[in-house]
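Trainee: sequence and computational prediction follow.
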Amino acid sequence: MLRTGSQIVWDVLGQEGVGCVFGYPGGAILPIYDALLGSSIHHVLVRHEQGAAHMADGYARASGEVGVAMATSGPGATNLVTGIATAMLDSSSVVFITGQVSSRVIGTDAFQETDITGVTLPITKHNFLVTRTEDVGPTLRKAFHIARTGRPGPVLVDITKDAQQGTHDYEPDEAPVELPERSPRDTLTRDALDEAAGLLSSAKRPLILAGRGVMLGGATELLQDFVERTRIPVAMTLLGIGGFPATHALNLGMMGMHGEAWVNRAIQTADVLLAIGMRFDDRVTGDPTKFAPAAKKIHLEIDRSEINKVIRVDVPLVGDLRETLSQLAPRVGTTDLSPWHRFIEDLKGDTAVRDIQTLPDSGHLYAAHVISDLWNLTEGRALVVTDVGQHQMWEAQYYKHDYPRKLITSGGLGTMGFALPAALGAKFAKPEEEVWVIVGDGGFQMTAAELSTCVQENMKLNVAVINNGYLGMVRQWQEFFYDKRYAATPMSNPDFVKLADAHGLPGFRVEKRSEIAEAVSRARASRETAVIDFRVEKEDTVYPMVAPGKTIEDMIRRPVPVLE
Ligand SMILES: Cc1ncc(C[n+]2csc(CCOP(=O)(O)OP(=O)(O)O)c2C)c(N)n1
């Protein structure tokens, strides 16, 4: 069948099961947009290409499918860059399609020409420049294959305008994509499995470190079975949250820079660590030379290049997590770990009295209260998408996620402006879910224009702006490490209720804890996206905190309140 390159793009998207595409048109991608009219795929017109990238990413994270974003050449493509890097660092499967100037003018600084494959080389799992119509179909199919197999990641396909306009005798190819084997030699040998199992079976103080790979690898149930049988406690990375039920007795909670003190102390005391689908990010390890010195380390990972990248491990087990865990689990014997459990319980010490929840009510509204109440009011079932900053850490600490894929957050890149568009993408993937955006006043303003996309698409989100009038997390660093010199962190904001109103959306303001429940219930009852402006305490701090590069011993904790 004679098809243009542009028609082939939509054919392949349909064949790959894509239901919606997030994008923004322009000259170099006009043929693809023109062919959209002949396709049944839904296109969401965003307000900024960064929004398209985060929406596709949110869609991918919520659904486990591949998200798709498209943009024109030059500024359209470069506006995707932050979203591509965000997807790369968090292993999110997104295919980006960009229009490129015609192949005959490539390299001449033609109007809106940018070498986007060059620009995105280090922040994509793979990228392609397509200059011939006959390559459009096979290349796009490869892109989907690469994005979703192995360790997921973003793939960019840049298609010249002439390749879009040209015609080709195209028949959809149903055969599975064949690519040269990319993963090197497997380490999943019987010896390695036995060695790991031996370490775990004889450990007195074993601990599991669970990351997002547990969810990406579809290993959540396997992990739960394994933990319930062996009674080994689990600590979570930020992106691992939801991979193991938060309210489970053996879930210790989040580790790392803002993890609870006892979790980090338990890691430092452990004799065997079983790291599953996590990559020893520096926010997790602090000073890597001092990380868990007493522990033998076992690392279950799909990506070989993560092995020994930050922390030297004793037993690497590289491969598909389901496969690895199901082979390892039956080899591990159970021992009585109750002394270890009691030890961890003792580590909690005075933590409870330091918790903001137990402090006397000062009449001020605290973000931790807002998030904890939201958890109660939504019965822990909402799909929450956070932005980046203090509110992100409070969310991780106070919203207890018992289910996988219910917390979406930019962990690796820490991208402000992520939450609102990513939530919109997640809502497209899971229309039946109650979606909450938890966002700071700074990050909200980076992509608030996407409220208008919510209206155009008639999509219902609930937006909780944690408004402290500061770029809070940076202010916190200035408080601790720069002697309270608040350079460029106080922020004057527009009236967020009026901003909602300008979009024809309901907006509410909350200044006291007693007002939270009503505003939340009114937002939930509204059929449209609703915005709540939570005016929280301005100079509140996320505790505990391990300063960058420091060790757990140097952890900063909330001062114990002095009671008269
Ligand atoms: C795009 C981007 N620019 C800058 C930063 C650095 N940064 C990290 S947290 C933060 C402050 C966030 O402030 P706000 O959105 O108000 O949230 P809060 O910390 O107050 O909850 C900044 C500026 C970032 N992470 N992303």
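Mentor: Structure's in. What do you need?

Trainee: contacts for the lowest-mean-pLDDT helix or strand in the chain, please.
Mentor: Least confident helix or strand, the chain: helix 351-354 with a mean of 80, by mean pLDDT, DSSP states H and E. Helix 351-354 has contacts (C-beta atoms under 8 Å, 6 or more residues apart in numbering) with 260, 261, 262, 358, 543, 557, 558, 559, 560, 561. For every residue, glycine as well, the C-beta is placed using N, CA and C.

Trainee: ramachandran coordinates for residue 275?
Mentor: phi -90, psi 120 (degrees, to the nearest 10).

Trainee: hmm, back to that, of the contacts of helix 351-354, which is the most crowded?
Mentor: The residue in those with the most neighbours, by other C-beta atoms under 10 Å, is residue 260 (23 neighbours).

Trainee: now that one: closest residue in space that isn't a chain neighbour?
Mentor: residue 253 (5.3 Å; C-beta to C-beta, 6 or more residues apart in numbering).

Trainee: distance check, the one you found against the ligand.
Mentor: 20 Å (C-beta to the nearest ligand atom, to the nearest Å).

Trainee: where does that residue land in three-state SS?
Mentor: strand (DSSP: H, G, I helix; E, B strand; the rest coil).

Trainee: per-residue confidence at the residue of the stretch 101-250 of the chain found nearest the ligand?
Mentor: Minimum separation of the stretch 101-250 of the chain from the ligand (C-beta to the nearest ligand atom) falls at residue 238, amounting to 13.6 Å. Reported pLDDT at residue 238 in the predicted model: 98.

Trainee: equivalent analysis for the one 3 residues further on, please.
Mentor: In this prediction, residue 241 carries a pLDDT score of 98.

Trainee: how much space separates the residue nearest to the residue of the stretch 101-250 of the chain closest to the ligand when sequence neighbours are not counted from the ligand?
Mentor: Take residue 238 and drop its neighbours on the chain: the residue closest to it by C-beta to C-beta, 6+ apart is residue 411, 4.9 Å away. Using C-beta to the nearest ligand atom, residue 411 is found at 11 Å from the ligand.

Trainee: same question for residue 71.
Mentor: Residue 71 is 18 Å from the ligand, where distance means C-beta to the nearest ligand atom.

Trainee: residues in contact with the residue found closest to that residue once you drop the neighbours it is linked to in the chain?
Mentor: In this structure, residue 71 finds its nearest non-sequential neighbour in residue 49, 4.4 Å apart by C-beta to C-beta, 6+ apart. Residues near residue 49 by C-beta under 8 Å, 6+ apart: 23, 24, 69, 71, 76, 77, 79, 80, 83.

Trainee: mind listing which of those residues are in strands?
Mentor: 23, 69, 71 (DSSP state E).

Trainee: settle this for me: the residue nearest to residue 260 is touching residue 259, isn't it.
Mentor: Yes - between residue 253 and residue 259 there is a contact at 6.8 Å, judged by C-beta atoms under 8 Å.

Trainee: between those two, tell me which one has more neighbours.
Mentor: Ranked by neighbour count (other C-beta under 10 Å), residue 253 and residue 259 place residue 259 first, with 28 against 16.
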